[in-house]
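> need a 3D model of the following:
(one chain, ligands or ions: 1)
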Amino acid sequence: MTRIRELVREATAQLAETSTTPRLDAELLLADVLGWSRARTIAERDYVPVPVQIAAFTELVRRRAAGEPVAYLLGRREFYGLELQVDRRVLIPRPETELLVELAIATARQMLSGGVLPVIADIGVGSGAITAALATNLPSAQLYATDVSCDALDLARENLERLGLTERVTLLQGDLLAPLPTPVDMIVSNPPYTILAEIAPDVAMYEPHLALDGGGSDGADLYRRLIAQVPAFLRPGGAVLLEIGAWQSEVVSGLLRVHLPESSLEIHRDLADRDRVIVSRRTA
Ligand SMILES: C[S@@+](CC[C@H](N)C(=O)[O-])C[C@H]1O[C@@H](n2cnc3c(N)ncnc32)[C@H](O)[C@@H]1O
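Prediction:
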């Protein structure tokens, strides 16, 4: 008769070597198997799951101990208050990206107060996280979302459909800005920007390299190509907002100064006090 308290204790010990949040992981996985909230799993520690539930939990803990992310094991991840389906076709949305969304919403609201109904493009839509958060919080905005990966676009479509957001979002397959049918008021992107050789082995093992590898010795090759395309696709008065790696603010702001010389430039820091988002606003 194994109770929740023993199951969680043993799984926490098993996960301690590979996870920085072993207890949380164990509680989330067990809650998922039981079909309960995490709070109920914590409250009802003396409950005895049936053998088939214990077997399912044991298997999830084994996979988590091998490095598989909790979000893939659960098949979902919360982002900006929205629940998104995720699987190995897409990068798991990261909390840092919520700063990009916050700044994009603020910029779009400024445009709205100046009488512009912004048309927004999200480049590299992945699971649809940024697009879904913007479409939910900016009910009058029209959005385009591109990705080179058909797999990612399929999952983004599923997420947008479930959230009832497909009417204002057009999904487009292709390279960076090239699929856009028209210039836009705002370009938002969290492109691949990491250096594959330097990322955590479990991230490299499970998440799509197409979503991670920014190319070049500094991971910034995608920015080089993307920013070169921006002048042709950004309307006067428009803004470009890019998530960056902490080491990339100099190179990315340098590229923006070259390609959008008439624009303002701001660098925003994340909660860990690292450079995370660059905002550039075209003045003319
Ligand atoms: C870091 S992920 C971001 C996903 C999502 N926007 C998010 O923030 O969670 C980058 C995305 O860019 C896509 N991507 C990679 N190269 C691309 C390219 N050349 N053109 C368009 N999208 C690309 C990848 O498939 C991936 O979905």
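
> only the buried residues of the lengthiest strand in the chain, if you could.
Secondary structure assigned by DSSP state E gives strand 234-243 as the longest strand of the chain. By neighbour count with 16 or more other Cβ atoms under 10 Å, strand 234-243 contains the buried residues 234, 238-243. Placement of C-beta: from N, CA and C, glycine included.

> now stretch 69-79: mean pLDDT?
Per-residue pLDDT over stretch 69-79 has a mean of 97.

> and what about Gln248, helix, strand or coil?
Under DSSP: H, G, I helix; E, B strand; the rest coil, Gln248 falls in the helix class.

> now do the contacts for it.
With contact taken as Cβ atoms under 8 Å, 6 or more residues apart in numbering, Gln248 is in contact with 193, 218-220, 223, 275.

> TSV for the residues you listed, including secondary structure, neighbour count and pLDDT?
Below are these laid out as TSV (DSSP: H, G, I helix; E, B strand; the rest coil; neighbours: other Cβ atoms under 10 Å; pLDDT from 0 to 100):
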residue	secondary structure	neighbour count	pLDDT
Tyr193	coil	23	93
Asp218	coil	17	92
Gly219	coil	25	94
Ala220	coil	25	95
Tyr223	helix	27	97
Asp275	strand	18	97
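
> now the longest strand of the chain, how far from the centre of its chain.
20 Å (Cα atoms, centre = their mean, to the nearest Å).

> contacts for that strand, please.
96-97, 99-100, 103-104, 107, 111, 114, 116, 183-191, 193, 223, 226-227, 230, 252, 256, 260, 276-284.

> from the contact counts, what lies against the helix or strand bottoming out on mean pLDDT in the chain?
Of the helices and strands making up the chain, the lowest-confidence element is helix 201-206, at a mean of 89, by mean pLDDT, DSSP states H and E. Using 3 or more Cβ pairs under 8 Å, 6 or more residues apart in numbering; DSSP states H and E as the contact test, no helix or strand touches helix 201-206.
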